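# after the sequence you'll find the predicted model.
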Amino acid sequence: MPPHRRARSEVNEAAMPAVLPGGMPAGEFLADYWQRRPLLIPNAWPDFASPGGVADALPISPDELAGLACEDDVEARLILEHHGPTPWHVEHGPFAEERFASLPQSHWTLLVQSVDHRVPGVAALREAFDFLPRWRLDDIMISYAAPQGSVGPHRDQYDVFLIQGMGRREWRLGAPVGAEDEYLTDSGLCLLHRFDETARYVLEAGDMLYLPPGVPHHGIALEAGMTLSVGFRAPAADECLAVAAELLPALARPLPRFGDAGREAVISPGAIDATDLARLRATLQPLLDDDDLLAEVLGRLGTESPMLEAAGADPITFTGLQSNHPDTMLARHPAARLAWFEDAGGALRFFCNGESRHFAAPQGSRLRPLVQRLCDRTRYRAAELAACLPEDPPAREAGRQLLDELLAQAVLLAEEDAGDGP
């Protein structure tokens, strides 16, 4: 599998069903399967299964994937089950091209993270999952496995859609396990001591398997093939508390403080009793009821992104585009993450790559059409965004400034010869 450094930017639109890949109504899937139980969706991506059409339907080839794994700023791993110094040996990229020529014939897997941040055709696959909040989607990892290649039996703490791009892969699902059933290999891979198989599926090109968090699974390549893993992030409680702790000092109001007026005399002065815990819970409850605080926490965590540099991006302003090139297509950088929140009073928060910008009411409500368009879509015509700017002069200027900042930060990029946006 000699690597080539160029990756395709095109994707066959026919391989991207409009709602839930495979045809199931999104409401049915969310009610019966999402975060509840696995679901096999045969032929979810028909073009991947077309005889002789896989090479054209896939937005990246195995050789191009190997090329990405050679790049300095790409997170990539090689997992060798038998042919390393220890079982389940892990090597971290970037890799030299010669490494791929020296690999054994079987029992190894190449994993490349966040391919959607670098290959527009892979990023386009995310639109098939727009029935879920975009901030929940983490990245699209792609793996290439030699025959019998595997990463071992394990479980993940996130939802994932496993799309078989080429070849055949067998997925074995297991019964629930506890933390005591997990172990770390010498190379840091977290695997399962115990794996009680409950189901087995063979995925062919075009098939997709959904797995909710915590389901033990073990994938084994029956032949050389490639799997696209669409993973969804779910912030852990400690992450949320850490962000909240950073935000609390900036709140422009007094914070609640523990109080115990009306308490009775204690028997043991060294004890913390259940009543104390109830009072602490009551102290913290106003913070949990603060929608603005929770939105800020979720918005920052949900849009965190290791933003990539946009090579060759020219500094442009939105006013210049609007005046001179209104038909210019703009595309959101594939690694950029955006979200928005509007409170009941009309104040609006715009989140971009882990940072937020606040627009007070009524300006926030006036800017909502522009901000919503930016967050809900990934490609825009300059004239289309101009039409979203409010009539009110101060709000209109605030919208222009926001667009100028996004252009200056390369969050928005000018496309050349782009077609109509989605």
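Sure, I can see it.
# hmm, which helix or strand of the chain has the shakiest average pLDDT?
Lowest on mean pLDDT, DSSP states H and E among the helices and strands of the chain sits helix 54-57, with a mean of 60.
# ok, then the element right after it?
On the C-terminal side of helix 54-57, the nearest following helix or strand under DSSP states H and E is helix 62-69.
# now do that following helix: which elements does it pack against?
Contact analysis of helix 62-69 by 3 or more Cβ pairs under 8 Å, 6 or more residues apart in numbering; DSSP states H and E lists strand 108-112, strand 137-145 as its packing neighbours. In short, each C-beta sits where N, CA and C put it, glycine included.
# can you tell me the average pLDDT over the helix or strand following it?
On the C-terminal side of helix 62-69, the nearest following helix or strand under DSSP H and E is strand 76-80. In this model, strand 76-80 has a mean pLDDT of 97.
# same question for stretch 140-158: list its buried residues.
By neighbour count with 16 or more other Cβ atoms under 10 Å, stretch 140-158 contains the buried residues 140-156.
# quick one, which of the helices and strands packed on helix 62-69 is nearest to residue 182?
Across the helices and strands packed on helix 62-69, the minimum distance to residue 182, taken as Cβ to Cβ, is reached by strand 108-112, at 19.0 Å.
# packing partners of the closest one?
Short answer (3+ Cβ pairs under 8 Å, 6+ apart): strand 108-112 packs on helix 62-69, strand 76-80, strand 137-145.
# ok, now with 10 Å
Contacting strand 108-112 under the criterion 3 or more Cβ pairs under 10 Å, 6 or more residues apart in numbering; DSSP states H and E are the following elements: helix 62-69, strand 76-80, strand 89-92, strand 137-145, strand 217-221, strand 225-232.
# quick one: closest of these to residue 353.
Put simply, out of the helices and strands packed on strand 108-112 the one that sits nearest residue 353 is strand 137-145, at 13.9 Å, with distance taken as Cβ to Cβ.
# strand partners of the closest one, parallel vs antiparallel please.
Each strand that strand 137-145 pairs with, and the sense of that pairing, follows from DSSP bridges: strand 108-112 (antiparallel), strand 225-232 (antiparallel).
# of all the helices and strands packed on strand 108-112, which one is nearest residue 372?
strand 137-145 (17.6 Å).
# contacts only, for the residue most central in space within the chain.
For the chain, the residue lying nearest the average C-alpha position, counting by Cα atoms, centre = their mean, turns out to be residue 138 (1.2 Å). The neighbours of residue 138, taking Cβ atoms under 10 Å, 6 or more residues apart in numbering as the test, are 113-114, 116, 158-160, 229-234, 302, 304-305, 337.
# nearest to residue 106 among the residues you listed?
residue 229 (21.2 Å).
# what sits closest to that closest one if chain neighbours are left out?
In this structure, residue 229 finds its nearest non-sequential neighbour in residue 141, 4.5 Å apart by Cβ to Cβ, 6 or more residues apart in numbering.
# residues touching the one you found, list them.
By Cβ under 10 Å, 6+ apart, the contact list for residue 141 reads 75-77, 111-116, 160, 227-231.
# and the pLDDT for it?
For residue 141, the pLDDT comes out at 97.
# same question for the one 3 residues further on.
We have a pLDDT of 98 for residue 144.
# report the beta-bridge partners for it.
On the basis of DSSP bridges, residue 144 takes part in beta bridges with residue 110, residue 226.
# need the contact list for it.
Residues in contact with residue 144, defined by Cβ under 10 Å, 6+ apart, are 1, 60-63, 65-66, 69, 100, 108-112, 165-167, 221, 224-227.
# repeat that for 6 Å
If you count contacts by Cβ atoms under 6 Å, 6 or more residues apart in numbering, residue 144 has them with 62, 65, 110, 226.
# could I get the full set of helices for the protein?
Secondary structure of the chain (DSSP state H): helices at 26-32, 46-49, 54-57, 62-69, 97-101, 120-123, 237-247, 274-288, 291-303, 318-324, 363-376, 382-388, 393-408.
# how about TSV for those helices, with mean neighbour count and distance to residue 198 added?
Below are the helices of the chain laid out as TSV (neighbours: other Cβ atoms under 10 Å; distance: least, Cβ to Cβ, whole Å):
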stretch	mean neighbour count	distance to residue 198
helix 26-32	13	18
helix 46-49	19	27
helix 54-57	16	31
helix 62-69	22	31
helix 97-101	14	36
helix 120-123	22	31
helix 237-247	13	29
helix 274-288	12	37
helix 291-303	19	32
helix 318-324	15	54
helix 363-376	19	38
helix 382-388	17	49
helix 393-408	17	47
